[in-house]
Every structure is written in structure tokens, then in C-alpha cells.
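Visitor: Sequence plus predicted model, see below.
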Amino acid sequence: MNDKAMESGPEDSGYVSNGIKMRYPLWTTLGILLIGGFMAMLDSSIVNVAIPSMMSVFGVGSDSIGWILTIYMLVLGVVVPMSGWLGDFLGYKRFYLISLAIFTVGSALCALAWNVPSLTAARAVQALGGGMIMPTTMSMFYRLTPRHMIGKAMGLFGMTFVVAPAIGPTVGGYLVEFVNWRWIFTINIPIGIAGILLGALVIPEIKGAHPGRFDWWGAATSAIGLFCALFALSEGSDWGWTSMRTILLLYFSVTFLGLFVYHQLTTPEPLLDLRVFRNVNYTMGNLLLIIVTIGMYGALYYIPIFLQSIKGVGALQSGELMMPSALVSAVMMPLSGILYDKVGPRVPVIVGIAITAVCTLAYSVIDIGTSLGFIILLNCLRSIGLGLIMMPTQTALMAEIATETVGRASAINNVLSRVAASLGIAALTVIMTSRGAMHSAHLAWNLSSENPLVTAGIQDLTNAFSASGGGSSSALYSVIGTKIYQMSFIQSMNDVFIITGLVTLLAAIPALLMSKAQHQKHTSGLSKTEESILIEEGGLLG
């Protein structure tokens, strides 16, 4: 056994994993790493609830204020592909701390913004750091954790993906309602500083693979292609999907991403090594996550709108109603990681797909009279399903990737997740809009005075409405218009849930093609038995 690995002292405490010596136990180190990831994911949802307050303070409309959301997404698409090379070039600890520092500075600038342009620029700085945090954190999780324990570790990592966005609206709603909208950014500053100081102390040095020369052509084509794709998906519903701007953006996106793929497959030192898709688990895992992500946004996007616009629930209470499902996710992620270590990905993922699909289809019975308790129950059951899907899949797709390519593979996975999320929202918006128009026209015909079946009834209702003190016939038609909107929204939302439930079922196909990963050989120079002894004696599980 390597006795030096067991030495203890002020510079070397003896904690060893994958040949990396750490000052603190593995779970302590991974917990500190999650500070940055949690902040970045929390920021993805916490800002939305402050939009009305920002519009009021700056005196602008939704078109102008929407840029603070759009710019964040666009910058993420540009910087994420570069994160793998930068991690290898700078070393993962240094790169993580730099990313967290940029995110923290960007948050401070957001809190100090005096108008929409300054806030938009500050959000771009924030996204520059936030976009690099998540793939870098994932890479370090894989570099630090022994592969036979990776399920538990990724279960911990997965909590940030689900819990942080889920509690964002609650935290944001509280700060906006009782403090000030600027505090949704101010709160990041002390947490970011603490994360930087603790990270510098606790996180070990993690050297990247030989980075090679920076692929400028690959960076340029991926940046332009992803920028155009995400911009088109973000604004297409407002511009119109057949408008010249949308078509041109999609054309440039396809062109530059095509050039990017060709260049990556032919250059000896690619920015992103697309050859990782030769691995079946990596390819099937990413395909599965794309399908589930697209299907997942039906509930994430429309249930809060339904609660606030139709049920009349406030933003803060709406966030609170989503909290139980976040707590279920917090429990399920570690449990699904343990299941992965024992049985592999296929069984928990297929069970999770079945639960998620059934619960999503069950959303299609929701109407204005549905109790809040029923919605909370469905959210919690659906969180169980998603918990069984996300982390076993995420773990399996990365577990067979060689150590030297983990950073690049993580960057590809993050890019695909971003594009899938934008694609999901765009596609569901198109479906919701078209189905809403159809249902609205149908309901309006059934309730209009032009329909001979209800002509007499309209007059009787008008007389009764006036006699009860409700007002004139125009007031009655206003009430009818409101009801038409509510009913058409509910019916189109139910259509979306049926479609997303069926889409989720398609994820079973790649799930069946996945297998338990054949773990890469340890890079520590120790046998698995020797490393296990070091883990127990050195306190890696402490």
C-alpha cells in the first residue's frame, strides 16, 4: 500500500480519492463544491418573480425587461462549450473559484443597476460566471469520487438541479414582497464570498488533462450557432415562427452548428470531442435527458401560471405550494444514487419514466375547481419519478467517460440541457397558443349571441345580471370574456399535459438501451481493494 497516502499533517491530511489527496473528507469537499452550483441554479428561477417589480421601478414594458432573462440564457450558450478547455488549461479548482467570483461580482452589479441596460449588462457578467460553474462542478465531482461511489455523489449533485430552481420562486417572492427586489441579487454576495473562501481552503488541486491549443474556430462557430438557436427559440413565439428574423436566425444556427460539428470531427484538437457519442450510455443518456427535459417543462412552466392567473394564488403562496415537491426531490436524489450503485440505471429510470408520465397525464384533469392538495400530491409523486430518472441517467452517461475527457463531456451535456430546455418551452408555447386560440374560438361561438341556440338565453342572463346589481350587458360580456379565457387556458393546458405525458413515455426507448456502466480504471495507481482501505482508514466517508 502507498504509505504516503496515509500520512497526516498540516499540508496533507491523508484523505485520498482517485489519486487526489484532500485536506478534508470527500463529502465535506463535495458539499463545499455545491455552493456555487446551488447559487447558479437558484438564480435561474428566482429572478422571474421580480419581473413585475422591475418593470414598475424602471418604468418599462415586458419587451424591454425580458432582455434580463434572454441575455442570461444567450451568454450561457456561448460560454458553456469553452468550460471544458478552460478547466483543463487553468486547473479545475482555480477555474471554479474564478467562475464563482465572476458570478458574485455580476450579482453585485445587478443589485446596483440603475436602469434596464445596466441590469442587462450585469446579468451578462453574472451568466458568464454562472454558465461555467455547473459543468465545472460536475467535472470535479467525477474527478474526486471513486466510480463505485459515483451514484451517491451524483445524487447529492442532483439536488441542486431540482431543489434550487424549485425554491427559487418562494425565496424570490418573499424578498420581493417583504424586502426589495434588489435582494434577489444581494443575497448572492455573502454566499458567493463564503463559497470562494471555503473553496480555496477545502477543494484540492485538480489538474486537468493536457488542454492543447485553444480551438478558436470551434469556439466561434459554436458561439454563433448556439446564440442564434437560443435567440430564435426565445423570441420566436413573439416574432412569429415564420417571420424573417426567426427564419434567418434558425438558418444561421443550422449553418454554423453544422460547420462546428464538421470541424470538431476533423480537427486533431477539438474544443468539444464529439467522439464521446460513440459510447452508447453517453448517447442514450443524453437523448433520454433531452426528451424528459422537454416533457418536464409542461408542469414547471404552466402550473405556477395556472395557480396565479386562474386560481388567484399570489406569487409567494404559489412558490410555497411548489416547496413540498422540492423536498421530495431532495430526498429522492440521494436514494436514486444509491439505487444506481446497486442495480444500475435501467430499472430505476424506467420506473421513474412510468411514474412521471402517469402523473403528467393526470395533470390533464385539472380545472378551476381542482383542490390545491391534489396539485401538491401530483407534484410530489412526479418528483419521485423525476428523481428516479435524472441522477441515474446523469451518472450512467458520464461514468464510462475517460478521466481526461470528463470536462469536455460535461460541457456537451450542459449545452444539450440548455438547448433542450429552450426547445421545450418554445414548443409548448406554440402548442399552448394554437390550442388556446382553437378552444377560445369554440367557446366564444357557444357563448355568443350569434349562436341561435343561446340567443334567448343571453337576453335572459343580461336581464338577470342587471336586476341583481351586476351592471349592464357590457359588464356581463366582460365576465363571459374572462370565463372564456380561463376555460380556454385550462383546456389548452390540459392538452399540453397530454402531449408532454406521451412525450415522456418515449424516453423509455433510450432507457432500455442503457446498461450499468463499466467503470473506468482508477487513476490513483492503487487497486480498488487498496483504495477501499484508504477510504475507510483515511476517513473519506467521514
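Guide: Now that the structure is in, tell me what you want to look at. As the structure is a prediction and not an experimental result, all values here were calculated from the model.
Visitor: mind pulling up the phi and psi values for K21?
Guide: K21 adopts backbone torsions of phi -90, psi 140, taken as degrees, to the nearest 10.
Visitor: and it, how far is that from Y92?
Guide: 15 Å (CB to CB, to the nearest Å). The C-beta positions use only the backbone N, C-alpha and C, and glycine is treated the same way.
Visitor: More neighbours: which of the two?
Guide: Between K21 and Y92, counting by other CB atoms under 10 Å, Y92 is the more crowded of the two (25 against 18).
Visitor: so what's the more buried one scoring on pLDDT?
Guide: With respect to pLDDT, Y92 scores 88.
Visitor: my guess is it meets I206, correct?
Guide: Yes: with contacts counted by CB atoms under 8 Å, Y92 reaches I206, the gap being 4.1 Å.
Visitor: what's the overlap in contacts for these two?
Guide: Residues touching both Y92 and I206 (CB atoms under 8 Å, 6 or more residues apart in numbering): M140, R143.
Visitor: In this structure, where's the longest helix?
Guide: helix 406-447 (DSSP state H).
Visitor: so what does that helix touch, helix or strand wise?
Guide: For helix 406-447, the elements it packs on are helix 67-79, helix 83-90, helix 116-144, helix 216-239, helix 280-305, helix 372-399, helix 473-506, judged by 3 or more CB pairs under 8 Å, 6 or more residues apart in numbering; DSSP states H and E.
Visitor: let's see it at 6 Å
Guide: Applying 3 or more CB pairs under 6 Å, 6 or more residues apart in numbering; DSSP states H and E, one finds that helix 406-447 contacts helix 83-90, helix 116-144, helix 216-239, helix 280-305, helix 473-506.
Visitor: For it, what is the distance to the chain centroid?
Guide: 14 Å (CA atoms, centre = their mean, to the nearest Å).
Visitor: Let me know the angle separating that helix from helix 473-506.
Guide: Helix 406-447 and helix 473-506 are oriented at 140 degrees to each other (axes from the mean of the first three to the mean of the last three CA atoms, to 10 degrees).
Visitor: tell me the mean pLDDT for helix 406-447?
Guide: Average pLDDT, helix 406-447: 77.
Visitor: For G37, find the nearest of the helices and strands packed on helix 406-447.
Guide: Between G37 and these, the shortest gap by CB to CB is with helix 116-144, which sits at 4.5 Å.
Visitor: Just the buried residues of the helix or strand following that closest one, please?
Guide: Next helix or strand after helix 116-144 toward the C-terminus (DSSP states H and E): helix 150-178. Within helix 150-178, the residues scored as buried using 16 or more other CB atoms under 10 Å are 150-176.
Visitor: Which neighbouring elements make contact with helix 150-178?
Guide: helix 26-46, helix 183-186, helix 315-343, helix 372-399.
Visitor: which residues are contacting the shortest one?
Guide: Applying CB atoms under 6 Å, 6 or more residues apart in numbering, the external contacts of helix 183-186 come out as I46, A50, S107, C110, A111, G172, L175.
Visitor: likewise stretch 35-44?
Guide: With CB under 6 Å, 6+ apart as the criterion, stretch 35-44 contacts L100, G130, I133, M134, T137, T160, A164, P165, G168, N188, I191, G195.
Visitor: go on, stretch 253-263?
Guide: Contacts for stretch 253-263 (CB under 6 Å, 6+ apart): W217, G218, T221, S222, I224, G225, C228, A229.
Visitor: what about 10 Å?
Guide: In this structure, residues lying in contact with stretch 253-263 by CB atoms under 10 Å, 6 or more residues apart in numbering are 81, 215, 217-233, 270-272, 274, 419.
Visitor: Whichever of the residues you listed end up buried, select them in ChimeraX.
Guide: Entered in ChimeraX, the line below selects the buried ones among those, by 16+ other CB under 10 Å:
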select :81,215,218,219,221,222,223,224,225,226,227,228,229,230,231,232,233,270,271,272,274,419
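Visitor: before we move on, the earlier item: sort out which one of the contacts of stretch 35-44 lies nearest L76 for me.
Guide: Looking across the contacts of stretch 35-44 and measuring by CB to CB, the closest to L76 is G130, at 7.1 Å.
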